[in-house]
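Student: Sequence plus predicted model, see below.
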Amino acid sequence: MYYLTKNLASKISLLPMIIISLTVFVGCIIYSFIYSLTGSKLIPALNYVGFQQYERLFKSRKWDVAVENIFIYGFVFTIGCLVIGFLLAVLIDQKIRGESLFRTIFLYPYAMSFVVTGLVWKWVLNPTFGLEHSMHLWGFDWFKLDWLVNRELAIYAVCIAAVWQGAGFVMVLMLAGLRGIDEDIWKSLSIEGIPKWRSYLFVILPMIRPMVVTSIVLIAAGVVKVYDLILALTSGGPGYATTTPAMYVMENFFSRANLGQAFAASIIMFISVVCILAPWAYYEFYFRNKEAK
Amino acid sequence: MKKFFSIILTLFIPLSFTNASKAGGHMEAEVIHWWVSGGEQAAISKFAEAWKDMGGTWIDTAITGGDNARGTTVNRIIGGNPPTAAQFNISKQFVDLVEQGQLQSLEEVASAEGWRDFIYPPELIETCEFEGEFYCVPVNIHSAQWMWINNEVFEKAGVPKPNTIQDFIAVAPQIQDAGFIPLALGGQPWQEGLMFDVVASSTLGFPHMAKLYRDKDVEAFRDGKMEMVLQTYRDLNKFIDEGAPGRLWNDATAMVVEGKAAMQIMGDWARGEFAVAGKEAKVDYDCVIPGKEKYVALGGDVFVFPKNSDPKVKEIQLKMASMMVNPTVQANFNNAKGSLPMRLDVDTSAADACMQMGLELIQQPSAIMRENDDWNSPAFTSAWEDIISEFRNDPNYSVSAAMDDLEAVLTSGL
C-alpha cells in the first residue's frame, strides 16, 4: 500500500502513459502474434493456420537475404561511423584554420533526411548517368563504379551513403569529448615523448569512453530502423539484394496484401531485438540496483 | 487536480473529432485514387466535373503510388471511416474486401441499367461479379504488352523494326554497335515481371499462359517451353544498360523518347510520355505488339464502394457508379487518360494511331489476354516477380534453379 500512495500525484500523471504503453505496445505485440498464426491476407481474419506463416518465412530466400543484410549493414555502418567520425574529430582537433567551416561541412549531411541522401547517392552511383559516366566522358575509360547495380556490392553502397550521413554526427560527439580533455594531460604526454597516434589511441580514447558509448547507442538505434534510406537508394534491388527485415514487413503489409506473413516477420524481428536487449536490460535494472544496495 | 482533468480531457478530444467528420453535406463523395501525374489528373478531373454537374461535391484524395493508396483505403475501411469510392486495379486486389462483406453491392444499379449488356469485354464482368452481384465498376482498360520503338534509332542503326522479341534479339547487337542502348528497362520487380510476361505470352500464346497462371498446371509448366522463355529473357539482359536497377518506368521511357535507347517493353500508359514530349505515333515512334499472334492484355482500373454505416451514402455511391459508366463520361475520361473504354458504344475518334490498334484488337474476343494478377493474389504475383527479378539480376541464378523456384510458387497455394 505504501508503494502505491507514495508520490501519488506523479503516479497519477504517469497513468495515461502507462495505459498507452500497455495497450499500444504490449497489446499490439499480442495482437500481432495472434494474427501471425492466421492466413490473413488483405485484412486481418481469424482463420488459424498454425505456424505455417513462420515456416514460409524461414523457407523464404528473400528473408534470408534481408537478415544477412541487416547484419552487414549494422556492422559496416557502426564501425564506419565510429572510425571515420573519430578520425575526423582528431583531424579537426589539430587546431586547424577554418575549423568551424570544416565542422559545418562534415555535419551537413546529418541535417538531411535519409530520403535526400538516398536520392543523391542514387544519382552519383548510377553507372549510366552518374560519376562513372562523367569519368568516361573526361577520358578515364578504365573507371568503374557499379556498386549500386552489382548485387554483391549494393548493400555496401547503402553503407557508404549511410556512413556519409552518420559520420559527421559521430565526429561532433567525439570532438566534444576531445575538447574536454585537460591540457595538462597533453603536456605530460609530450614530456614523456609518446607519439601522437599512440596518445590518441591508448590514452585519450579510453578517456572519452562515454562519448563512444553514446555514439554506439545512437548508431545502433539507427541500424534497426533503417528503411527510408534503402527505399530511396535501391528500393531493395537489384532483385532483392538490399532488402531488409523492415522492408520485408512493410511490403507484405501494404503492397502484397499478405498480413499473416508480415505479422510473422515482425514477431521474429521483435524476438531478435529482445534477445539483444534482454541481457543489457537485466544488467541495467537488476544487476546495477543490486550493486547500488 | 486541475492538471489531471486536463490530461483526461486531452485524451478524449481526438474521439470527438472523428464523429464530426462523418456528418457530410448533400451528395458529398470522397474518392481515393493514385492518379497524380499530369495526364492522370486531367482524366480524374473528368469524373469530378461530371459529378459536380450532377450537383455533387467531389473530395479528391489523391495518394502517390498504388500500394499506398490501396493501403490507405484498407486502413480507412478497417478503422471505420471508409471513403465513398476507392480505386483498385482489374485484379484480385479487393477480393478479400468483398469476402469480408466490406464493399457495397452495386447490383441494384447494375441490373437496372443493364451493365451486363454493355460492359465489354465480358471478362470485366467476371472481375467485378461475386455470387451474381456487382461489386466494382471497371473504368478503363490498359494493356501491358507493347514494344515502344524509337524509329530514328532503328534507322540510324540500319536495322528493320522487330515484330517479335526474337526479331529484336537478332538485330540488337547492331543497335549496340551503333552506340545506342538497345533496350530500356526500369529494373524494379514489377517492370521486370511485366517484361517477363510479355516475353512469355508472345512466345507461348495466351492459352498456354492460362494453363500456368489460372490452372497452375505443373505439366504445362514443365513441358520444356518455359526454359526457352527464361533463356530468351536472359538473352535480353545483354541489351539492357547496367544502370537499370531501381529506375522508374517513365525514366526508361524518356530514354527511348530522347533517342538514347531503341526500345522499351511497357504498357500503353507509356504513350503519354511520348505525347507530352510532342512525338507523334507511327511517325516519331512506333508501337508494336510482339508475337505472331497479337493479344491485348486486360489490365486497368476499377472503383469499389466501401459499405458505410450511414444509409444515405449508399444512394450517393450508386449514383456515382452509374455516372462512371455513362458513355459521355467514359469518352471524356478515356480520351484524357489514353486508355480504352470499358464499353464499345463510346466515341473514340480522338484516339491516336497506337490506341486505334488496341481498339481494333479488343473487339476480337480471342485476342483478349488475361494477366497473372487477374487470377492470382498479390502475394502470388509478387512472389513470382521476386524470382523473375532475381533471375534477371543474378547471372549465377541458373534456368533450372529458377524453374524449381517458380514451380514452388506455382504449387504454394498462395
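Tutor: In hand now; what should we look at?
Student: can you pull out the strands in the stretch 1-150 of chain A?
Tutor: Counting by DSSP state E, counting those that start in this stretch, one finds no strands in the stretch 1-150 of chain A.
Student: ugh, wrong one, chain B
Tutor: B:28-33, B:57-62, B:85-89, B:129-130, B:133-134, B:136-142, B:146-150, B:181-184, B:261-266, B:285-288, B:296-297, B:299-304, B:368-369 (DSSP state E).
Student: In chain A, what residue lies closest to chain B?
Tutor: Chain B sits closest to A:Thr128 of chain A, with a gap of 2.8 Å, by C-beta to the nearest C-beta. Any C-beta I mention is one placed from the backbone N, CA and C, and that applies to glycine too.
Student: The closest residue to that residue other than its chain neighbours and B:Val159: what is the separation?
Tutor: In this structure, A:Thr128 finds its nearest non-sequential neighbour in B:Gly243, 2.8 Å apart by C-beta to C-beta, 6 or more residues apart in numbering or on different chains. Applying C-beta to C-beta, to the nearest Å, the value for B:Gly243 to B:Val159 is 23 Å.
Student: between these two, which one's more packed in?
Tutor: Neighbour comparison, B:Gly243 and B:Val159: the larger count goes to B:Gly243, with 23 against 20 (by other C-beta atoms under 10 Å in any protein chain shown).
Student: buried residues in stretch B:173-189?
Tutor: B:175-176, B:180-189 (16 or more other C-beta atoms under 10 Å in any protein chain shown).
Student: again, but for stretch A:87-100
Tutor: Here stretch A:87-100 shows A:88-90, A:92-93 as buried, counting by 16+ other C-beta under 10 Å.
Student: ok, back up a step: which one of the strands of chain B lies nearest to A:Gly180?
Tutor: strand B:57-62 (52.6 Å; C-beta to C-beta).
Student: mind exporting the closest one as CSV, just the C-alpha atoms?
Tutor: This file holds the C-alpha atoms of strand B:57-62, laid out as CSV (Å, rounded to 0.1, in the frame of the first residue of the first chain):
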residue,chain,number,x,y,z
THR,B,57,-19.3,17.6,-54.1
TRP,B,58,-16.1,15.8,-55.1
ILE,B,59,-13.5,15.4,-52.4
ASP,B,60,-10.3,14.4,-54.1
THR,B,61,-7.9,12.2,-52.1
ALA,B,62,-5.0,11.6,-54.4
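Student: Not counting its own residues, what contacts it?
Tutor: B:25-36, B:41, B:44, B:47-48, B:51-52, B:72, B:83 (C-beta atoms under 8 Å, 6 or more residues apart in numbering or on different chains).
Student: ok, now stretch A:106-125?
Tutor: By C-beta under 8 Å, 6+ apart, the residues outside stretch A:106-125 that reach it are A:88, A:92, A:129-131, A:145, A:147-148, A:157, A:160-162, A:164-169, A:171-172, A:226, A:228-234, B:246.
Student: which of the buried residues of stretch B:173-189 are close to chain A?
Tutor: Contacts with chain A within those, as defined by C-beta under 8 Å from any C-beta of the partner chain: B:181, B:187-189.
Student: In helices only, show me those.
Tutor: Those of these mapping onto helices are B:Pro189, per DSSP state H.
Student: Dump the ones next to chain A among the buried residues of stretch B:173-189 into JSON lines; add pLDDT and distance to B:Cys354 as well.
Tutor: Formatted as JSON lines, those follow (pLDDT from 0 to 100; distance: C-beta to C-beta, whole Å):
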{"residue": "B:Ile181", "pLDDT": "94", "distance to B:Cys354": "22"}
{"residue": "B:Gly187", "pLDDT": "87", "distance to B:Cys354": "25"}
{"residue": "B:Gln188", "pLDDT": "87", "distance to B:Cys354": "24"}
{"residue": "B:Pro189", "pLDDT": "89", "distance to B:Cys354": "26"}
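Student: nearest to B:Asn68, of the ones next to chain A among the buried residues of stretch B:173-189?
Tutor: Distances from B:Asn68 to these, taken by C-beta to C-beta, are shortest for B:Gln188, at 15.3 Å.
Student: Give me the distance between that closest one and B:Pro245.
Tutor: In terms of C-beta to C-beta, B:Gln188 sits 8 Å off from B:Pro245.
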